[in-house]
Each structure stands twice: as structure tokens, then as C-alpha cells.
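> show me the folded form of this:
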Amino acid sequence: MILIIAIAHKKILLSFWSVAIAVIFIAIGGWLLTPESQEAKNLKNELNIIVNESVGAISNMDKTRVSSIVVSKTSGGWDVELSLNADKGFTMISTKQLMWENAIKVLESASEINQLHNISLSWIYPVLNEQKNIEDKSVMSFTIDQATRDQIVWENLEPSVLPDLVYDYVEHSLLNE
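Numbers count the residues shown, from 1 in each chain. Below is the predicted model:
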């Protein structure tokens, strides 16, 4: 009799945990599938306008400037990931310089949005891959936080110091050729 009660108790406990786990998965799945908030859509639209007004809607290689904008709500405000198509300079060094200059233009205007916390910016540029095909890849990326942006005097910022002011600066070797 005790064995039967123990087995029944185990089945009830197992059923309880199965239901609890299912409810958690449904809740998480529903949260992940919720449509983007109106606030997030408005912020993306505002950032798209800032990029287009700061550095143009089309790169000099005839690509739409904004490749993607991703926003996410955090306790400190909004984190933003901008992926932008870069302009081509006369040399790779001048191309890198253009990326820095254009990043400063975008960041200066975007910094006026007070609710932005971290801004991650990635420049997309055509690169020859291992199969000798050209593909668009991120050739420069970095993140800058609000505290750092608030301390910068944008009008006096020398573009070449940008890598020293940001976090997680990554540069493709192509930009040094």
C-alpha cells in the first residue's frame, strides 16, 4: 500500500513539474514572439532619419546606408546596434578615415537622444572571401556608452582618436592595406 502511494505521489509530482515547465516555455515563447513596441519602432525610425541626414541615405557605392538597426530595452535605457554600409575612399586608409568621420557625425546626432545607453556601430564593406567572391562584411565595429558620449566635445574630436574612446573596437585587416 505504501509503495502504491509513493508511486502515485511521484506521478503527481512529475505531472506538476511537467505542467510548470510547459507554462514557463509558453510564457517565454509568447514573450519572444510579441511584436515590437511602438516605442522601439519610433526609436528605429528616428535613428534611421539621423543616419540619413548625417551621412546620406545611400553610400557612394550605391547601397542603402542603413543595413539594419536593432534596439533593445535595458534598465539604463535603450541599447542600439547600427549596421551601416560604408563609403569607399581613394585608398583603404582614406576609407577607414571616412568610416571614423561618418561614425562621429552619426554619434553626435544620436547622442542627443537621452534614452540611448550603448550604441554599437558596425561598418559594412565589400571584402574578398576565401572562395575569391566579394561579400559584404563588417570591417569595423565598436560600442560607445552614454557616459563617454556625454563627455565628448564633438566639434573638436579628431577622427583618429575614435578607436581610443570606444569599447570593443574591431577592425578588419583590409583597412590597413
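> and the strands in this protein?
66-74, 77-85, 116-128, 134-144, 167-171 (DSSP state E).
> turn those strands into CSV, columns for distance to A57.
Bear in mind the C-beta positions are built from the backbone N, C-alpha and C, glycine included. Listed next are the strands of the chain as CSV, based on distance: least, CB to CB, whole Å:
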stretch, distance to A57
strand 66-74, 8
strand 77-85, 10
strand 116-128, 15
strand 134-144, 17
strand 167-171, 25
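> may I have the beta-bridge partners of the residue nearest the centre of the chain?
The structure's the chain has its C-alpha centroid closest to E81; by CA atoms, centre = their mean the separation is 1.7 Å. In this structure, E81 bridges to V70, S120 when assessed by DSSP bridges.
> that one and H117 touch, don't they?
No: using CB atoms under 8 Å, E81 is not in contact with H117; the gap is 12.0 Å.
> so who does W154 touch?
Going by CB atoms under 8 Å, 6 or more residues apart in numbering, W154 touches I104, L107, E108, S111.
> which among the residues you listed gets closest to D62?
I104 (23.5 Å; CB to CB).
> number of residues surrounding the closest one?
By other CB atoms under 10 Å, the residues close to I104 number 21.
> and it, how far from L121?
Applying CB to CB, to the nearest Å, the value for I104 to L121 is 10 Å.
> do the same with T74
Taken as CB to CB, the span from T74 to L121 is 17 Å.
> residue ranges with poor pLDDT in the chain?
Low-confidence segments of the chain (pLDDT under 70): 1-35.
> domain parsing for it?
1-34, 38-176 (automatic domain parsing).
> which one of these is the most hemmed in?
With neighbours defined as mean count of other CB atoms under 10 Å, those peak in mean count at domain 38-176, which reaches a mean of 15.
> end to end, how far does that one reach?
End-to-end distance of domain 38-176: 42 Å, with CA to CA, to the nearest Å as the criterion.
> from the chain's centroid, how far away is that domain?
9 Å (CA atoms, centre = their mean, to the nearest Å).
> repeat for stretch 164-177
16 Å.
> contacts for that stretch, please.
92-93, 95-96, 99, 120, 125, 127, 137-145, 148, 152, 163.
> sorry, back to before: so how far is K88 from the residue nearest to the centre of the chain?
23 Å.
> likewise for D136?
12 Å.
> joint contacts of the two?
With CB under 8 Å, 6+ apart as the test, D136 and K88 both reach Y125.
> so which residues of the chain form helices?
2-32, 38-55, 92-110, 146-151, 162-165 (DSSP state H).
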